[in-house]
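In: my questions are about this predicted structure, shown below with the sequence.
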Amino acid sequence: MHIFDRLSLGPAAGIAGARPLGNGALVVQARAARAGNVQVYRGDEVARPDLPQVRIYRDPDEIFRPESLRSFGHKPVTLDHPPEAVTPRTWRGVARGHVGDEVVRDGEFVRIPMMLADSAAIAAVQGGRREVSVGYTCDLDWTPGTAPDGSPYDARQTQVIVDHVAIVAQGRAGPDCRIGDADLARRLAEAEARAEAAETALAAREGEVAALRARVPDMAALDALAAERGALVAQARRILGDSFDPAGLDAGAIRRAAVAQALGEAEAAGMGAAAIEGAFRVVVAGPRPAPSHAPDPLRDALRDRRPDALTQEAAHAAMVETLRNAWKPAGAR
């Protein structure tokens, strides 16, 4: 769970104790977290929208846990909270400095050194921006209890890990630890990002719809396709008969059926698409065959080839031999 807590850098006069570096950067000491107190959050800010408010105990054993303190070190310093956790992908766009590694306990607070290397961040602090808001993740133990000072609580923070430290404008409730305007800005930024992503997705869908509509033929094209298929079916029925049903068949299959009927299945099976189209034009151009299967020597010769039929070369040689001996008397050949 991501949580943002806020503490003050101190009064404006306190900035005089900041340590400028030779390159213009500024090192500022800040109290960045408080422990031992019960902090009140809105229910929707801690994933409990069913509750108007939630009291959470910041257990010192968790806040000052060595792993939690070490998690402050070298984390980015930002101006206001970024819309998402800081990662190597987003660091360049949001980091204005970083937290040093001299993170120490200061009574009930955690004190951190921040090195500000960005002119806008330095100007903001020098101009009076006094509050530090820590963005971190934690688990919530929803076992109710009572803090040492007698304050009741609904849950207790555990496993606190810092993500970044933000310099924010002073909140309306002053320098107390709380979730405030920075969290609202973060959620607004997240909502805007989601809206922008939704608009991008909608634009992509509209483009897909436009492309699909462009692929659908208009009425004139549909009429032309219907007329073309009707003419093809009428031609095929000259060979296949009026009872031929072309349902489920494309143009190639209709032509092949007509050619197979005219020349035989074996002959049609050996033809490619181009040969079928050519044969179809020839067979449909001829007279419509009689209902009874009239003898057709050419068709029968193409369909029923004799095993001992001469090859083209042998037939040509036989013809040449016949012409060469044609002058001889019949008995002398």
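Out: Now that the structure is in, tell me what you want to look at.
In: ranges for the strands of the stretch 151-300 of the chain?
Out: 152-153, 155-168 (DSSP state E, counting those that start in this stretch).
In: in terms of mean pLDDT, which of those strands ranks lowest?
Out: With a mean of 90, strand 155-168 has the lowest mean pLDDT of the strands of the stretch 151-300 of the chain.
In: ok, now how distant is the closest residue to residue 146 other than its chain neighbours from residue 83?
Out: Nearest non-adjacent residue to residue 146, counting by C-beta to C-beta, 6 or more residues apart in numbering: residue 152, 5.4 Å away. Quick note: C-beta positions are derived from backbone N, CA and C, even for glycine. To residue 83, residue 152 is 34 Å away according to C-beta to C-beta, to the nearest Å.
In: have a look at the two and say which one is more surrounded.
Out: residue 83 (16 against 11; other C-beta atoms under 10 Å).
In: wait, the more buried one sits on residue 194?
Out: No. Under the criterion of C-beta atoms under 8 Å, residue 83 makes no contact with residue 194, lying 10.1 Å away.
In: one step back: would you agree the residue nearest to residue 146 is in contact with residue 144?
Out: Yes. Counting by C-beta under 8 Å, residue 152 does reach residue 144; the two are 7.1 Å apart.
In: which neighbours do these two share?
Out: Counting by C-beta atoms under 8 Å, 6 or more residues apart in numbering, residue 152 and residue 144 have no contacts in common.
In: point out where the stretch 201-333 of the chain drops to low pLDDT.
Out: Per-residue confidence for the stretch 201-333 of the chain (pLDDT under 70) gives these ranges: 216-217, 288-310, 330-333.
In: give me that answer again for 50
Out: By pLDDT under 50, the low-scoring segments of the stretch 201-333 of the chain are 292.
In: on the three-state scheme, residue 23 is what?
Out: On the three-state scheme (DSSP: H, G, I helix; E, B strand; the rest coil), residue 23 is labelled coil.
In: find me the pLDDT at it, would you?
Out: pLDDT at residue 23 comes out at 87.
In: that one: how many residues sit nearby?
Out: 6.
In: ok, residue 237 next?
Out: Neighbours of residue 237 (other C-beta under 10 Å): 18.
In: now the spatially closest residue to residue 42 that is not a sequence neighbour: how far from residue 155?
Out: Distances taken as C-beta to C-beta, 6+ apart place residue 53 nearest to residue 42, at 6.0 Å, with adjacent residues excluded. If you measure residue 53 against residue 155 using C-beta to C-beta, the figure is 12 Å.
In: look at the two and report which has more neighbours.
Out: residue 155 (19 against 13).
In: so what's residue 194 up against?
Out: Residue 194 neighbours (C-beta under 8 Å, 6+ apart): none.
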